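Novice: My questions concern the predicted model and sequence given below.
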Amino acid sequence: MLLQPPQPLKCLSFNLLHGGPLSGRVGPAQHLERRLEIVIQELQSLNVDIIGLQEASSSRGRGNIAARIAAQLGFQYVYAPSSSRVFASEKLNTAIARVMNFTEGPAIVSRFPILHSQVYDIPHCGLFPNPRVLLRTQLQTPWGQLWACSTHISSDPCQAYAVAQLLHDQYDSLPLIVMGDFNAQEHSSNMTHLIREAGLIDTFRTANPITSGCTVDQHVYASHPTAFGRVNYVFLRPGANTPGQTRTSRIVLNTPRRFPDGQVLWPSDHYGVLTEADVFSSVIKRAEERHYNTNLSLYARIGEKLG
């Protein structure tokens with residue numbers, strides 16, 4: 001019996017806009033609750049597999065946003081609050097988070113089991129106090145394992161170069177998905193260096209050679225689109241035995257909703273990027289070819305005996 005062919009993976013990168021570091025004390029985080037309602041409903045309709053969140057947040061009032069999204073989707077999650085890594089002292093960081101009633105950072109929300117996760121500090125590059133991290137998770141899909149990362153860095157080239165080095169140093173045979181807000185345009189030195197040094201494929205640009213793909217600076221209360229520039233990405237690095245292929249990539253979470261009281265809200269000040277990719281197709285294809293060739297050999301031997 002032939003192996004079941006793998007399904008393409010739907011991977012989404014999305015900066016959720018936490019509302020600012022003071023939002024845990026003063027609220028309402030630019031109407032986060034209403035925006036979250038929009039986001040969850042669209043995520044359910046998109047039938048995503050892996051979500052790389054940026055500006056995921058937590059506070060006593062809002063709870064853990066990544067956990068809430070995961071619960072609504074029936075997924076697993078890992079949250080890496082970079083705001084809790086300002087100082088070397090964990091106790092001091094915890095105390096500040098308690099006083100501020102706020103943490104924020106990247107998260108991975110996954111349909112597939114999360115086997116392992118690790119958080120890597122990215123150099124401050126003189127931007128203190130503004131800690132950044134790379135969250136790296138190992139996921140177990142029905143067709144094999146892969147790495148999924150989420151990060152949110154500044155526009156300083158120093159941080160993009162640090163991420164490139166991290167991803168370069170972590171190279172192994174597994175395919176890699178990197179989702180993030182890089183605060184840099186695609187033709188900047190930040191992004192060209194990152195793509196070249198880490199061996200990444202820009203899935204949106206691969207699928208859309210001439211579409212602008214604007215993702216940033218949407219005014220959340222505006223009645224019309226205001227986004228311009230492209231700083232949010234879904235990257236693919238094929239595995240050693242899984243060349244991978246981008247099927248589609250498009251901008252999502254890019255429409256507003258008008259609530260019954262007349263308020264207009266966009267999901268965030270960023271749009272999401274959704275990529276559908278055949279990550280494991282070559283593995284199954286080779287397995288099927290081996291199975292087919294084995295059958296041919298078997299039939300040939302039977303034919304020789306019958307002849």
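Specialist: Cool, got the structure.
Novice: and the closest residue to residue 199 other than its chain neighbours, how many neighbours does it have?
Specialist: Nearest residue to residue 199, sequence neighbours excluded (C-beta to C-beta, 6 or more residues apart in numbering): residue 237, at 5.2 Å. (Each C-beta comes from the backbone N, C-alpha and C, glycine too.) The local packing of residue 237 (other C-beta atoms under 10 Å) involves 20 other residues.
Novice: so what pLDDT did residue 237 get?
Specialist: With respect to pLDDT, residue 237 has a value of 97.
Novice: Just confirm it contacts residue 174, I think it does.
Specialist: No: Residue 237 is beyond contact range of residue 174, at 9.2 Å (criterion: C-beta atoms under 8 Å).
Novice: Isn't residue 35 up against residue 268?
Specialist: Yes: between residue 35 and residue 268 there is a contact under C-beta under 8 Å: 6.5 Å.
Novice: overlap in contacts of those two?
Specialist: Common neighbours of residue 35 and residue 268 (criterion: C-beta atoms under 8 Å, 6 or more residues apart in numbering): 16, 17, 220.
Novice: just the buried members of those residues?
Specialist: 16, 17, 220 (16 or more other C-beta atoms under 10 Å).
Novice: Mind listing the residues bridging to the residue nearest to residue 199?
Specialist: residue 176 (DSSP bridges).
Novice: Might you report the residue contacts of residue 13?
Specialist: 51, 52, 54, 150, 179, 180, 181, 232, 233, 234, 272, 273.
Novice: Looking at those residues, spot the one nearest residue 187.
Specialist: Distance to residue 187, by C-beta to C-beta, is smallest for residue 233 among those, at 12.8 Å.
Novice: which parts of stretch 124-137 are buried?
Specialist: Residues of stretch 124-137 classed as buried by neighbour count (16+ other C-beta under 10 Å): 124, 125, 131, 132, 133, 134, 135, 136, 137.
Novice: Any figure for the gap between the most centrally placed residue in the chain and residue 106?
Specialist: Closest to where the C-alpha atoms of the chain average out (C-alpha atoms, centre = their mean) is residue 52, at 2.4 Å. Here the criterion is C-beta to C-beta, to the nearest Å. By it, residue 52 lies 7 Å from residue 106.
Novice: Please identify every residue contacting each of the two.
Specialist: Contact criterion C-beta under 8 Å, 6+ apart; residues shared by residue 52 and residue 106: 150, 180.
Novice: Past the helix or strand that contains residue 93, which element shows up next along the chain?
Specialist: Assessed by DSSP states H and E, residue 93 sits inside helix 90-100. Next in sequence after helix 90-100, counting helices and strands by DSSP H and E, comes strand 103-110.
Novice: in the following helix or strand past that following strand, what counts as buried?
Specialist: As assigned by DSSP H and E, the chain's next helix or strand after strand 103-110 is strand 114-122. For strand 114-122, a neighbour-count test (16+ other C-beta under 10 Å) marks 114, 117, 119, 120, 122 as buried.
Novice: ok, and what's touching strand 114-122?
Specialist: With contacts defined as C-beta under 8 Å, 6+ apart, strand 114-122 is touched by 76-78, 80, 85, 108, 131-140, 145, 151, 153, 159, 162-163, 166.
Novice: Ok, stretch 46-53 next?
Specialist: For stretch 46-53, the external contacting residues (C-beta under 8 Å, 6+ apart) are 9-16, 43, 65-66, 69, 73, 75, 106-112, 139, 148-150, 177-180, 234, 252, 274.
Novice: Might you specify the subset of those residues located within strands?
Specialist: Among these, the residues falling in strands (DSSP state E) are 9-15, 106-110, 139, 148-150, 177-180, 234, 252, 274.
Novice: List the contacts of residue 66.
Specialist: Residue 66 makes contacts with 53, 56, 77, 78, 79, 107, 109, as judged by C-beta under 8 Å, 6+ apart.
Novice: Which of those residues lies at the shortest distance from residue 193?
Specialist: Nearest to residue 193 out of the contacts of residue 66 is residue 53 (C-beta to C-beta; 24.7 Å).
Novice: in its sheet, what does the particular helix or strand that has that closest one in it sit against?
Specialist: Here residue 53 sits within strand 50-59, counting by DSSP H and E. Strand 50-59 pairs in its sheet with strand 9-15 (parallel), strand 63-64 (antiparallel), strand 103-110 (antiparallel), by DSSP bridges.
Novice: Alright, calling it a day.
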